[in-house]
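Enquirer: this one's sequence-less:
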């Protein structure tokens, strides 16, 4: 199986709010020996399989997306397994929202969307139905991407920002997840309980979990691009209390301890982290 993965330019107005837009095309199903594991990064996403459907296994439950279906994917804090429905060429568009921005597009609570995937119509009603019909009618990938970006622009302009939430997420990102939640309490004047409520409403995970995901994503990005060096160069251990803490969190988000993970083939999952 051959894979082509490329990034698509984000509309200038959306660049501060969409982390990336990508297109993945493959010649067939993922090899059986591949783990097919997608590790979590905390981002809310839209996933559109424009050629061939796919299934997703997460937390013991299967979700299936048919070809051309727009899927709203809530923030994940556990890994999932992905494969295509048919052993034939496939193509998928992915839109990944910045951690501090998804709520600007989707005005509903994210508290119940964590680790789940929904048809766009189920979360946006008639708006979702209308964009779904347009995506089906669009012929080229370029047309589909343009349509979805124009749709997101309309959603974005209807929302207002939450300065406290944005501040906290930016502190988490800039510290690579090293900031303590009690420090966020001091800097914002919000109690841990109020911050937890705000985070579950806006993104679906707690500040503490987002810190852990941010640390892990930083490490996994290095792993995906430097597979033979990551566990020899222990500089990233400074993000963790000790080696045991690192191993525990790595296993939490991949399902395997580092040594066991490296013995397995997860080339498909690493594609999404390649620079």
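Expert: Good, I have the coordinates. Computed from a prediction, not measured in an experiment: that's the story for all the values here. Numbers count the residues shown, from 1 in each chain.
Enquirer: hey, let's count contacts and neighbours off CA atoms from now on
Expert: Noted.
Enquirer: for the chain, where's the lowest mean pLDDT among helices and strands?
Expert: Least confident helix or strand of the chain, by mean pLDDT, DSSP states H and E, is helix 258-262 with a mean of 85.
Enquirer: Mean confidence (pLDDT) on the next helix or strand after that helix, please.
Expert: Moving toward the C-terminus from helix 258-262, the next helix or strand (DSSP states H and E) is helix 267-270. Computed over helix 267-270, the mean pLDDT rounds to 91.
Enquirer: Output the contacting helices and strands for the least confident helix or strand of the chain.
Expert: Other elements packing on helix 258-262 under the criterion 3 or more Cα pairs under 8 Å, 6 or more residues apart in numbering; DSSP states H and E are helix 243-254.
Enquirer: How far away from the center of its chain is the helix it packs on?
Expert: Relative to its chain's centre, helix 243-254 lies at 19 Å (Cα atoms, centre = their mean, to the nearest Å).
Enquirer: by contact count, what packs against it?
Expert: Here helix 243-254 touches helix 207-225, helix 258-262, going by 3+ Cα pairs under 8 Å, 6+ apart.
Enquirer: and those helices as a markdown table, adding distance to residue 56 and mean neighbour count?
Expert: Converted to a markdown table, the helices and strands packed on helix 243-254 look like this (distance: least, Cα to Cα, whole Å; neighbours: other Cα atoms under 10 Å):
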| stretch | distance to residue 56 | mean neighbour count |
| --- | --- | --- |
| helix 207-225 | 20 | 20 |
| helix 258-262 | 20 | 13 |
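Enquirer: Any idea which of the ones you listed has the lowest pLDDT on average?
Expert: Across the helices and strands packed on helix 243-254, helix 258-262 has the smallest mean pLDDT, namely a mean of 85.
Enquirer: show me where pLDDT drops low in the chain?
Expert: Of all residues in the chain, those with pLDDT under 70 make up the ranges 227-236.
Enquirer: domain assignment for it?
Expert: Here the domain parsing of the chain from automatic domain parsing is 3-156, 163-273.
Enquirer: how long is the last one end to end?
Expert: I take that to be domain 163-273. End-to-end distance of domain 163-273 (Cα to Cα, to the nearest Å): 29 Å.
Enquirer: tell me how far it is from the chain's mean position?
Expert: Chain-centre distance of domain 163-273: 13 Å, with Cα atoms, centre = their mean.
Enquirer: One more: the first one?
Expert: Computed by Cα atoms, centre = their mean, the separation of domain 3-156 from the middle of its chain amounts to 9 Å.
Enquirer: Quick one: end-to-end distance for that domain.
Expert: End-to-end distance of domain 3-156 (Cα to Cα): 32 Å.
Enquirer: Thank you, goodbye.
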